[in-house]
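Enquirer: Prediction below, plus the sequence it came from.
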Amino acid sequence: MSRLLVVDDEANIRLLYSEELKDEGYEVVTAASIAEATEKLQLGTFDLTVLDIKLKNESGIDLLQQLVKERHDMPVILCSAFSCYKDDFSAWLADGYVVKSGDLAELKQEIARVLAKKAQKARIGL
Amino acid sequence: MDWECCWDRAVIGNDECPNIAEEEYALLNSRERRVLEKCSDCDRFVRDLSRFADSDHPLAAVFPVVHREYLRQKAQIQSLASFLDNKTLEIRFLHELGFVLQSSVDLEEVLSVALTAITAGKGFGMNRAFLLMTDRETETLKGYLAIGPRNLEEASQTWNEILSNDLDLKTLAQNFRINKLSAERAKFHDILEQLTVPLSAVDHIVVKAMDGKRPLLITDAFHHPDVPIELARLLEVDTFLLMPLISRNRRVGVIIADNCITHRTITDEDMHSLENFSFPVAFAIERASLYDKLQVELNRVTEAGKKLKEQQELIVRMEKMALVGRITSSIAHSVRNPLMVIGGFARSILKNSPPSDPKRDFIESIVSETRQLEVVLDEILHYSDSLYPTRDFWDVNQLVEGAIRDTADVLVSRGIVSGYSAGHDLPMVFIDFKQLSYCLRTLLQNDISGPGSERAIAVTSFKSAESVTLHISDRSRSVSQDELDRLLVPFSETSDLGVGLGLALCKTMLEKQGVPFDAEANADKGVTFTLVLPTHKEAQQ
């Protein structure tokens, strides 16, 4: 079972992601801030992080940069209320990008795609 | 002694003096006036005087002396009177000229007056004149304007016209300016083109005349040691006058004048008159030139002021736009998240409720409405984002391939295949990458009704003048040109979700970046979008 970390400052969104992704068969851990996410990342390992860009007074991009440096083997999917970040350089560091929507089909597809890619990389020893 | 002349009679008959005309009959009754005005020049009187000189009279030797002296002084007085008449005419002419020159700040008017004055019979009566003006940028004297006939036939025609009209200098100059200035410039173009002398050529006769600040009369030009043979050949005259135009020690130019048709001798008197004339002309030309420059500068300042005002208005507008951007951004975040939660949980409930549940319809409505609101939100956010294009140089292939990759899943789900054919050696294009990516994605997966003749979208690129042209040929769509044009208008009504911003937003974004955009609908070929992406910053609108 793949283990996912969901980072979002909105409690209801964390709950929605958690419920929906658990239904898809993932183990889901949530965090409301960068500090909480960092703490949970230190305590356990994750196969993928779903990260909101706008976190109250913080930027998810800062955490993304940190993760790319320290945990380059763990893919990150960015979630945002703004589609414009999709073409932003900083967002290109992420493995996937999803615009927030009540329809989580795209997010689920993206998670499946990124995890499959990760698995493929692992198989060929990259 | 019988006298041949009538000087000894107080009154004479009207046929007794051959020198008195009908209108001078008053002289018949006045011996004093008759003797002074007529007799002294009369052959009969001269013969009487000769006979008297041969007589024994004591005054016989004196009278001829007195007579000769009288004739000499009379001739001198007549000469002086003639000189004064000429000077009066000249002063009147210079006064008229000065008045016209002082009252004008129009360079072409000043030049017309000056050159007309030199060549008009009422002026200095020279046949032809060339004006060379100082070009301070290139440090040269350059042929600027000329006036006069090029051959005898033209000269006769022009001079007859002037004689028959009897116009004053001002009118002549006005006529010249209105009717002949451009034609004269064109007529002498070949000579004016070659009349260029560097100011550094201090040995050149034209520069010498200007440096010497005095007119020079050149004779025997073809053999003159200081005259370049090219200049003599160009002017095709042996004698000409060089008149420097100096204003407050500034070298304004030189006038070359000659009598190429009549070959009338240029006298010292002509030189002196022209020298007096050159000062006000030089001053007027310089003043008009400065006025011209002042006008140019004034226009620049006015233009700069206008631009500054526009910039100020733009800044105010941008501040307002920035505010709009911040507001929409804030709204997006505030609205998107609750919308997502509502829509997400509604879907979740729907997924877990049995098909027979009577509340399914209500939940489906929530899902559908939240979906529509999300589409509207997307469009408004893109519109807000389109207000600030940020351009840089980008690779076209990266742009197109990215857009095709991003839209592939959606297109495949619709049964449409997309492909890209890249042109050779494509240069980088100067665009806002984010906005162009959005536009390409929107154009590729637009909501225009279909299906068209084929289920394929072909993107091609090729290099053109200072740009790269992109064609998106979408054969999967079928729409009329009118319908397509309507879709390019923001907020036009569509049957689809949203507020109808998709294609219109693309058009707005591209226009703001100065990227020409064309959308063409064809019954057979579907829809073709053409984008011309600039490869230089200057190519931007």
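Expert: That came in fine, so what should we check first?
Enquirer: pLDDT on the longest helix anywhere in chain A, on average?
Expert: Ranked by residue count and defined by DSSP state H, the top helix of chain A is helix A:105-123. The predicted model gives helix A:105-123 an average pLDDT of 91.
Enquirer: Got the phi and psi for residue A:99?
Expert: Dihedral pair for residue A:99: phi -80, psi 130, per degrees, to the nearest 10.
Enquirer: all helices for the stretch 251-400 of chain B, in order.
Expert: B:268-352, B:360-385, B:396-413 (DSSP state H, counting those that start in this stretch).
Enquirer: export the shortest one as CSV, just CAs?
Expert: Taking C-alpha atoms only, helix B:396-413 is exported to CSV below (Å, rounded to 0.1, in the frame of the first residue of the first chain):
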residue,chain,number,x,y,z
VAL,B,396,8.7,27.4,-29.9
ASN,B,397,9.1,23.6,-30.0
GLN,B,398,9.1,23.4,-26.2
LEU,B,399,6.0,25.6,-26.1
VAL,B,400,4.0,23.5,-28.7
GLU,B,401,5.2,20.1,-27.5
GLY,B,402,4.2,21.0,-23.9
ALA,B,403,0.8,22.1,-24.9
ILE,B,404,0.2,19.0,-27.0
ARG,B,405,1.4,16.8,-24.2
ASP,B,406,-0.9,18.5,-21.7
THR,B,407,-4.0,18.2,-23.9
ALA,B,408,-3.3,14.7,-25.3
ASP,B,409,-5.4,12.9,-22.7
VAL,B,410,-8.5,15.2,-23.2
LEU,B,411,-8.2,15.0,-27.0
VAL,B,412,-7.7,11.2,-27.0
SER,B,413,-10.8,10.9,-24.8
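Enquirer: next SSE after that helix?
Expert: strand B:417-421 (DSSP states H and E).
Enquirer: now the angle between helix B:396-413 and that next one, please.
Expert: 170 degrees (axes from the mean of the first three to the mean of the last three C-alpha atoms, to 10 degrees).
Enquirer: Just after strand B:417-421, pick out the following helix or strand.
Expert: strand B:429-431.
Enquirer: list the helices and strands that following strand packs on?
Expert: strand B:392-394, helix B:396-413, strand B:526-534 (3 or more C-beta pairs under 8 Å, 6 or more residues apart in numbering or on different chains; DSSP states H and E). Every residue, glycine included, has its C-beta placed from N, CA and C.
Enquirer: what do you get if the cut-off is 7 Å, keeping everything else the same?
Expert: If you count contacts as 3 or more C-beta pairs under 7 Å, 6 or more residues apart in numbering or on different chains; DSSP states H and E, strand B:429-431 packs onto strand B:392-394, strand B:526-534.
Enquirer: Give the partner strands of that strand in its sheet and their orientations.
Expert: Strand B:429-431 sits in its sheet next to strand B:392-394 (antiparallel), going by DSSP bridges.
Enquirer: and residue 56, how many residues sit next to it?
Expert: I went with chain A, as the question did not name one. 10 (other C-beta atoms under 10 Å in any protein chain shown).
Enquirer: wrong one, I was asking about chain B
Expert: Residue B:56: 5 neighbours (other C-beta under 10 Å).
Enquirer: Let me know the secondary structure of it.
Expert: Following DSSP: H, G, I helix; E, B strand; the rest coil, the label given to residue B:56 is coil.
Enquirer: Quick check: mean pLDDT of stretch B:236-251?
Expert: Mean predicted lDDT for stretch B:236-251 stands at 88.
Enquirer: what's the span of it, first residue to last?
Expert: 26 Å (C-alpha to C-alpha, to the nearest Å).
Enquirer: Do you know the pLDDT at the closest residue to residue B:397 other than its chain neighbours?
Expert: Among residues not flanking residue B:397 along the chain, residue B:422 sits closest, at 5.2 Å (C-beta to C-beta, 6 or more residues apart in numbering or on different chains). Per-residue confidence at residue B:422 stands at 90 (pLDDT).
Enquirer: give me the number of residues near residue B:422?
Expert: Neighbour number of residue B:422 under other C-beta under 10 Å is 14.
Enquirer: burial of residue B:326, as a residue count?
Expert: 11.
Enquirer: Residue B:366 versus the residue in chain B positioned nearest to chain A, what's the distance?
Expert: For chain B and chain A, the shortest gap (C-beta to the nearest C-beta) falls at residue B:343, measuring 1.8 Å. Going from residue B:343 to residue B:366 by C-beta to C-beta, to the nearest Å gives 7 Å.
Enquirer: ok, now residue B:346?
Expert: Counting by C-beta to C-beta - residue B:346 and residue B:366 are separated by 4 Å.
Enquirer: Counting neighbours, go ahead and name the busier of these two.
Expert: Taking neighbours as other C-beta under 10 Å, residue B:346 and residue B:366 compare with residue B:346 leading, 21 against 17.
Enquirer: Contacts only, for the residue most central in space within chain A.
Expert: Nearest to the geometric centre of chain A sits residue A:50, at 1.5 Å (C-alpha atoms, centre = their mean). Residues counted as contacts of residue A:50 (C-beta atoms under 7 Å, 6 or more residues apart in numbering or on different chains) are A:4, A:6, A:17, A:77, A:79.
Enquirer: Before I go, just wanted to say thanks for your time.
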